[in-house]
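> need coordinates for the following:
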Amino acid sequence: MLKRKKGYKAISASEISQYVYCPVSWYLKRSGVQPQSFGLKRGIDAHEKAGSRLILLERRERAAGMFRLLGYFSAIAAIFLTGWFLWTYF
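This is a model prediction of the structure:
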């Protein structure tokens with residue numbers, strides 16, 4: 001069994017998920033900093049801004065995927081129409 005070194009706290013699974021979400025928040029909480037500060041407000045604002053950017057990025061990726069599908073269908077239709085035209089008139 002592994003032994004913990006002196007002075008080190010064990011890290012729980014919930015702390016790992018908090019670290020993945022926001023390493024700064026995890027560090028501040030682990031260091032014992034109280035969350036009532038101007039920095040907390042800035043952090044919340046930064047997360048909201050990042051979240052809105054991610055939503056916009058998701059919408060753009062979805063639109064790009066739809067345009068890609070439209071391009072594929074257009075290419076296939078063009079190939080079939082060209083084949084039909086060549087078969088019919090030549």
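> other SSEs contacting the helix or strand Arg68 falls within?
Assigned by DSSP states H and E, Arg68 belongs to helix 38-89. Judged by 3 or more C-beta pairs under 8 Å, 6 or more residues apart in numbering; DSSP states H and E, helix 38-89 is in contact with helix 23-31. All C-beta atoms are positioned from the backbone trio N, CA, C, and that covers glycine.
> quick check: angle from the helix it packs on to helix 38-89?
150 degrees (axes from the mean of the first three to the mean of the last three C-alpha atoms, to 10 degrees).
> by mean pLDDT, flag the weakest helix or strand of this structure.
helix 23-31 (a mean of 81; mean pLDDT, DSSP states H and E).
> quick one: secondary structure of Val20?
The three-state assignment at Val20 reads helix, by DSSP: H, G, I helix; E, B strand; the rest coil.
> oh, that last question was meant for Lys9, not what I typed.
Look at Lys9: counting by three-state DSSP, its state is coil.
> the residue positioned nearest the centre of the chain and Leu40: what is the separation?
By C-alpha atoms, centre = their mean, the chain has its centre lying nearest to Leu54, at 6.1 Å. Between Leu54 and Leu40 the computed distance is 21 Å (C-beta to C-beta, to the nearest Å).
> then Ser31?
14 Å.
> from Gln18, how far off is Phe38?
Separation of Phe38 from Gln18 (C-beta to C-beta) stands at 21 Å.
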